[in-house]
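K.L.:
okay, sequence plus prediction incoming.
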Amino acid sequence: MIAAIYSAGTDADRWDGVIHEITEAFGAVHGILVIAEPATDRFAVKTAGHDAPTPIMVHSRRVAELVHHLPTGLAATSDDLFAAREQCGVPADRASANGLANSFLVRLSDDVPCSFLCLTMADHAAIAGHSVGLALLRVLVPHLHRALCTRSELIELSQERALALATLEQTPYGIMIITADAALVFANSMAADITSRADGLAVDAFGYLHAAPTTTHHRLRRLIESAANCERVSGNVAVPRASGARPLIVRITSLDGAADTGPWQRSALALVIDPEHDPDPDPAVLHEVYGLTEAETTVAMAVLRGDGLPAVADQLSVSVYTARTHLQHIFAKTHTHRQAELVRLLLTSAVAAQ
């Protein structure tokens, strides 16, 4: 039974079987495990035995508030709960109306509302002075508590993973995690798209990263192996493309011992930049961040493209002197002094706006 409890901590579908075992062991009419999920303000309810009492099923929050008056981890009976409530000035019949009468109870978490286990017996005699039942419940409580903690930790990790993956999907670059022998462990959608085209970089049928031509592949493999086996090793490789597009830029860097075991233990991070898909800054972003006017935004975009001031002046139908004045205003608003600085800033703004 204890092994089953820990299995349920990692596989929620097994809780029903666990509650069934516990219910049978106690000879209870029915058993109910109410698992509170404070982050979502919801409850997961697992039941066994005959039809569970409607009040507990429907009013899980109200019942959890009642059980919250019990110390966490203390095996108790409904009599203990009613007595505690009466000390607070609440009549016992109000508590028993929630379906808790003739039950063994235990509060399993410090959460508000809390998780709890309720085992309802056939009659009051089954709980009155039933030291064996309380003793068995005391044995199970720490294991149930640990299993629920494991469940909460796994849920939190899952949420963190989903958030991290969503963040990686926002980047305009390909991101991969690769083992020392170039086996692909993870790739965001941009990296998957780049490798699926097999234009310079590809992943073979066995899941290993390859580059073309052979000389580039060997250089990439050496860099990956060095980065995966040594901390703070990084380097760049330009990967030619048969299509004639500009080479992919692959930056390999160590993960600095981010994982101690598993497939990520000896691995490296690969950042893949496709120069053909470098984003242009959004004019709305330039206005929002730097306060550029429409004319100044046009000049800034032209500078980024490498157009000269005469071409910009023609585009705006103004004199070169006016175009130069716009450029001086851009320098002032962006705190830059040369066109090269401005270009770097605009490229950075383009990436940040993705």
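P.N.:
Thanks, I have the structure now. Only a predicted model underlies this, so the values are computations on that prediction, with no experimental measurement involved.
K.L.:
tell me which helix or strand of this protein sits lowest on mean pLDDT?
P.N.:
In the chain, the helix or strand scored least confidently by mean pLDDT, DSSP states H and E is helix 92-95, which has a mean of 48.
K.L.:
what is the mean pLDDT for the helix or strand that it is followed by?
P.N.:
Tracing the chain C-terminally past helix 92-95 and defining elements by DSSP states H and E, one meets strand 103-107 next. In this model, strand 103-107 has an average pLDDT of 90.
K.L.:
list the buried residues of strand 103-107.
P.N.:
Judged by neighbour count using 16 or more other Cβ atoms under 10 Å, the buried positions of strand 103-107 are Ser103, Phe104, Leu105, Val106, Arg107. All C-beta spots, glycine's among them, are computed from the backbone N, C-alpha and C.
K.L.:
next helix or strand past it?
P.N.:
Scanning forward in sequence from strand 103-107 by DSSP H and E, the next helix or strand is strand 116-120.
K.L.:
who are the packing partners of that following strand?
P.N.:
With contacts defined as 3 or more Cβ pairs under 8 Å, 6 or more residues apart in numbering; DSSP states H and E, strand 116-120 has these neighbours: helix 15-26, strand 30-37, helix 60-67, strand 103-107.
K.L.:
which stretch in those has the least confidence?
P.N.:
Within those, the stretch with the lowest mean pLDDT is helix 60-67, showing a mean of 75.
K.L.:
hey, C-alpha coordinates of that one in PDB?
P.N.:
Taking Å, rounded to 0.1, in the frame of the first residue of the first chain, the C-alpha atoms of helix 60-67 are listed here in PDB:
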ATOM      1  CA  SER A  60     -15.200  20.600  -0.800                       C
ATOM      2  CA  ARG A  61     -14.100  24.100   0.100                       C
ATOM      3  CA  ARG A  62     -16.400  24.300   3.100                       C
ATOM      4  CA  VAL A  63     -15.400  20.900   4.300                       C
ATOM      5  CA  ALA A  64     -11.700  21.800   3.800                       C
ATOM      6  CA  GLU A  65     -12.300  24.900   6.000                       C
ATOM      7  CA  LEU A  66     -13.700  22.700   8.700                       C
ATOM      8  CA  VAL A  67     -10.800  20.200   8.500                       C
END
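K.L.:
report the inter-axis angle for that helix versus strand 116-120.
P.N.:
For helix 60-67 and strand 116-120, the angle between their directions (axes from the mean of the first three to the mean of the last three Cα atoms, to 10 degrees) works out to 90 degrees.
K.L.:
right, and the helix or strand after helix 60-67?
P.N.:
With secondary structure assigned by DSSP H and E, helix 60-67 is succeeded by strand 76-77.
K.L.:
which outside residues touch that next one?
P.N.:
Residues lying outside strand 76-77 but in contact with it, judged by Cβ atoms under 8 Å, 6 or more residues apart in numbering, are Leu70, Ser103, Phe104, Leu105, Val106, Ile127, Ala128, His130, Leu134.
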